[in-house]
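**Q** Output the structure for:
(one chain, ligands or ions: 4)
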Amino acid sequence: MSILLNADLHCHSVVSDGTLTPEALAARAHANGVALWALTDHDEIGGQHRAAAAAHALGMDYLTGTEISVTFADTTVHIVGLGFDPDNAQLAQGLAATRGGRSERAQEMAQQLAHVGIRGAFEGALRYAGNPELVSRTHFARFLVETGVCHDTSEVFRRFLTEGNPGYVPHRWATLGNAVRWIREAGGMAVIAHPARYRFTANEEYALFSEFKQHGGQGVEVVTGSHTPSEYPVYAAMAQEFGMAASRGSDFHSPNESHTDLGALPDLPGQLTPVWELLSDRILRAPRTTAG
Ligand code: AMP
Ligand code: MN
Ligand code: MN
Ligand code: MN
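**A** Ligands and ions are numbered 1, 2, ... in the order given. The predicted structure follows:
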């Protein structure tokens with residue numbers, strides 16, 4: 001498969017912190033020219049069968065996906081899994097354990113917000129959560145916009161919910177080794193999500209990439225809606241240095257919040273190996289319609 005394929009291998013539905021259903025995302029991806037799609041909900045694979053069925057009904061190829069929250073060097077890092085068996089029990093259990101602490105964390109976040117005069121944030125966030133096991137900071141952000149505390153979700157993350165600000169509750173997610181192992185043992189490929197987003201020193205970033213590789217991780221997102229265009233060549237070079245495949249995905253969450261739409265990304269730089277080349281056996285191909 002060509003590196004020029006319009007693949008979008010990172011986005012979120014109501015099963016995590018997106019605002020569209022898997023079906024509506026499939027329709028939007030297809031309308032935007034996506035030929036290979038993956039839904040990658042945070043710490044969840046509950047939307048995978050729906051997403052694959054919706055993709056196939058539109059003639060679009062599909063890769064299973066998820067985005068696992070990991071704690072590495074005291075920082076939250078996201079690891080995308082692609083092409084795994086969506087019925088693998090170990091992966092499902094690992095993700096359920098990773099989701100486990102979210103409700104308690106959300107209650108603590110709401111308590112902190114109450115201290116600065118914002119009441120009812122737990123119930124408010126929960127109203128936005130399509131999946132009660134997956135209350136995320138994004139749902140709090142939507143509540144703070146709805147109640148007029150902030151103008152948009154970017155302002156929320158500048159003033160609240162982030163380190164040093166009210167509503168920030170540190171959390172221990174999965175380990176890097178476990179996340180990569182769950183994905184690999186379910187037959188999939190692990191990919192470092194949006195590496196430019198972590199505020200790592202050069203040494204910490206090097207440690208992330210090398211430990212990820214030692215655990216069997218194989219890919220890195222290069223062209224993503226969570227990177228600026230000037231960051232693409234930086235991580236293209238990292239992919240080459242570490243002998244890793246490159247991925248491409250919008251990280252689309254919502255028509256109102258996301259600046260990068262599904263499928264609306266530049267192509268991967270030409271010298272890279274796209275993840276979909278290594279995953280060609282794992283792609284769930286749309287049934288071919290026979291003419292006549
Ligand atoms: P959580 O998993 O609950 O910590 O929430 C993380 C989610 O918050 C991410 O997946 C993003 O969707 C969202 N997020 C984090 N930082 C920002 C930001 N600066 N602007 C907008 N959304 C953000
Ligand atoms: Mn998110
Ligand atoms: Mn992420
Ligand atoms: Mn994401």
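
**Q** how about the residues of this protein near ligand 4?
**A** Glu67, Asp251 (CB under 5 Å from the ion). In short, each C-beta sits where N, CA and C put it, glycine included.

**Q** Report how many residues lie close to the residue in the chain positioned nearest to ligand 4.
**A** Closest approach between the chain and ligand 4, counting by CB to the ion: Asp251, at 4.4 Å. Counted with other CB atoms under 10 Å, the neighbours of Asp251 add up to 25.

**Q** Phi and psi next, for it.
**A** Dihedral pair for Asp251: phi 60, psi 40, per degrees, to the nearest 10.

**Q** mind listing what it touches?
**A** The neighbours of Asp251, taking CB atoms under 8 Å, 6 or more residues apart in numbering as the test, are His10, Cys11, His12, Ala193, His194, Thr224, Gly225, Ser226, Ser258, Thr260.

**Q** Out of those, show me where the pLDDT dips lowest.
**A** Lowest pLDDT of those: Ser258, 90.

**Q** helix, strand or coil for that residue?
**A** Per DSSP: H, G, I helix; E, B strand; the rest coil, the secondary structure class of Ser258 is coil.

**Q** hang on, the earlier thing: just the local confidence number for the residue of the chain closest to ligand 4, please.
**A** For Asp251, pLDDT reads 98.

**Q** measure it to Glu204 for me?
**A** 22 Å (CB to CB, to the nearest Å).

**Q** next one: Cys11
**A** 28 Å.

**Q** what's across from Val191 in the sheet?
**A** Beta bridges link Val191 to Val80, Gly219 when assigned by DSSP bridges.

**Q** May I have the beta-bridge partners of the closest residue to Arg199 other than its chain neighbours?
**A** Leaving aside its sequence neighbours, Arg199 sits nearest to Thr75 (CB to CB, 6 or more residues apart in numbering; 7.3 Å). Thr75 has the following beta-bridge partners by DSSP bridges: Phe72.

**Q** Which of Cys11 and Glu204 has more residues huddled nearby?
**A** Ranked by neighbour count (other CB under 10 Å), Cys11 and Glu204 place Cys11 first, with 32 against 15.

**Q** List the contacts of the residue nearest to the spatial centre of the chain.
**A** Nearest residue to the geometric centre of the chain (CA atoms, centre = their mean): Glu67, 4.2 Å. By CB under 8 Å, 6+ apart, Glu67 lies in contact with His10, His12, Ser16, Thr40, Asp41, His42, Asp43, His78, Ile79, Val80, Gly81, Ala193.
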